[in-house]
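One predicted model, sequence on top.
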Amino acid sequence: MPTVAPLDLDGHVVTAAFIGDTPFFATASGNIHRLDSGEKVTEAHQGLLTCIRDPWSDSLISGGEDGRVVRTTRDGSITELAVVPRKWISVVAGGPQGAVAYAHGRSSFVQLADGSQKEFPVDRTVESIAFAPKGMRIAVARYNGVSLHWVATPGQPVDLDWKGAHTYVIFSPDGRFVVTAMQENALHGWKLDAKVGADTRHMRMTGYPAKVKSLSWSPKGKWLASTGAPAAIVWPFAGKDGPMGKAPLELGTRADIMATHVAFHPLEEVLAIGFIDGMILAVRIGDNKEALLRRPGKGAITSMGWSSNGKLLAFASEAGDCGVVDISA
């Protein structure tokens, strides 16, 4: 049976993630807690709106109501990357070679390691940004679609259009697909290696009873897990056309208890599913075998993050009851 080391924090916890073997918990108040020979706290923002684990470096990147973009490293030290007075920074992304993207209003910005900055305006409010897995390229989610920009090359963006509000964007690990979560109860995807205008370019993933607020790719990109239902909805992406014409898996089904966060194991096709009642299940793709990682708690699971070796899982909740699950026990 997995063991749980609990941590009670005040208020909504936005993000749980590991840097090395150290778990970090970012709260909406702006404090970042880490469990490193005891609990230690760094004040990163006056009101934190977003915090991500940078996939390209051992750090967190966060944005806040104070207009600041901040990088937090393993020892808890922070570096201010950008500041935009009187703006709320609710969109950030980490990229290769120390690059960081952020947005406010109708503009997205990429700041390179040397401090130089490039702006990429769009017609409507920027909702989300993602870096491609290869090359210095970003996807910007907006109303009616996604815009793809090469950071180092001037020129017009590639516009991937689909009517509706796109609130979150993610590249597949191999870079062949871009997928968005929409304001309606659906995902939408584009096959980037299809010919422009081809019917196979679009991928509609519908049928959710609620909005999708969490997405996670399996280690090799064969599966994309999502919330938005009283189970994890997991789409197959192994074929050249992704999930088109295929039904998704439904893992960890719990009657009317909605899944609120999903996080694939970093090494195996095992999915952690957090629910609105605070429960966490792990489900293995191959045989649908379930393991209870945490019993219900005080609030909905808002974030989960695995350690690099996949033996520890940090989790956070909207009520502040957080912790670390040790699955090697």
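Received the coordinates, thanks.

So the residue lying closest to Gly64 once chain neighbours are set aside: helix, strand or coil?
Distances taken as CB to CB, 6 or more residues apart in numbering place His45 nearest to Gly64, at 3.1 Å, with adjacent residues excluded. In short, each C-beta sits where N, CA and C put it, glycine included. Assigned state for His45: coil (three-state reduction, DSSP: H, G, I helix; E, B strand; the rest coil).

And the one 5 residues further on, by the same measure?
Of the three states, Thr50 takes strand under three-state DSSP.

surely it meets Ser62?
Yes: under the criterion of CB atoms under 8 Å, Thr50 makes contact with Ser62 at 6.4 Å.

Give the residues shared as contacts by those two.
Listed as contacting both Thr50 and Ser62 by CB atoms under 8 Å, 6 or more residues apart in numbering are Val92.

quick one: which of those two has more around it?
When neighbours are counted by other CB atoms under 10 Å, Ser62 comes out ahead of the other of Thr50 and Ser62, with 27 against 21.

Identify the bridge partners of that one.
Cys51, Val70 (DSSP bridges).

Which pLDDT value belongs to it?
According to the per-residue confidence, Ser62 scores 98 in pLDDT.

okay but His188 is in contact with His202, surely?
Yes: with contact defined as CB under 8 Å, His188 reaches His202; the gap is 7.2 Å.

what do those two both touch?
Trp162.

quick one: which of these two has more around it?
His188 (23 against 15).

residues making contact with the one helix or strand that one maps to?
Per DSSP states H and E, His188 falls inside strand 187-191. Outside strand 187-191, the residues within contact range by CB under 8 Å, 6+ apart are 146, 160, 162, 164, 166, 176-182, 200-206, 208, 212, 215, 226, 235, 241-243.

Partner strands of the next helix or strand after it and their direction?
Later in the chain than strand 187-191, the nearest helix or strand by DSSP H and E is strand 202-205. When sheet partners are counted by DSSP bridges, strand 202-205 sits next to strand 187-191 (antiparallel).

Quick check: mean pLDDT of the strand it pairs with?
96.

Next, the buried residues of stretch 5-22.
7, 9, 12-19, 22 (16 or more other CB atoms under 10 Å).

between these, which is closest to Ser172?
Nearest to Ser172 among the buried residues of stretch 5-22, counting by CB to CB, is Ala17 at 21.0 Å.

Tell me the spacing between Gly95 and Thr153.
Using CB to CB, to the nearest Å, Gly95 is found at 15 Å from Thr153.

These two - which one has more neighbours?
Remark: of Gly95 and Thr153, Gly95 carries more neighbours, 26 against 9, as counted by other CB under 10 Å.

which residues sit in contact with that one?
By CB under 8 Å, 6+ apart, the neighbours of Gly95 are 56, 101, 110, 131, 136, 138, 151.

neighbours around Leu267, how many?
So Leu267, with other CB under 10 Å, has 12 neighbours.

Also Gly30?
22.

Thought Arg68 was touching it, still the case?
No: contact between Gly30 and Arg68 fails when scored by CB under 8 Å: they sit 9.7 Å apart.
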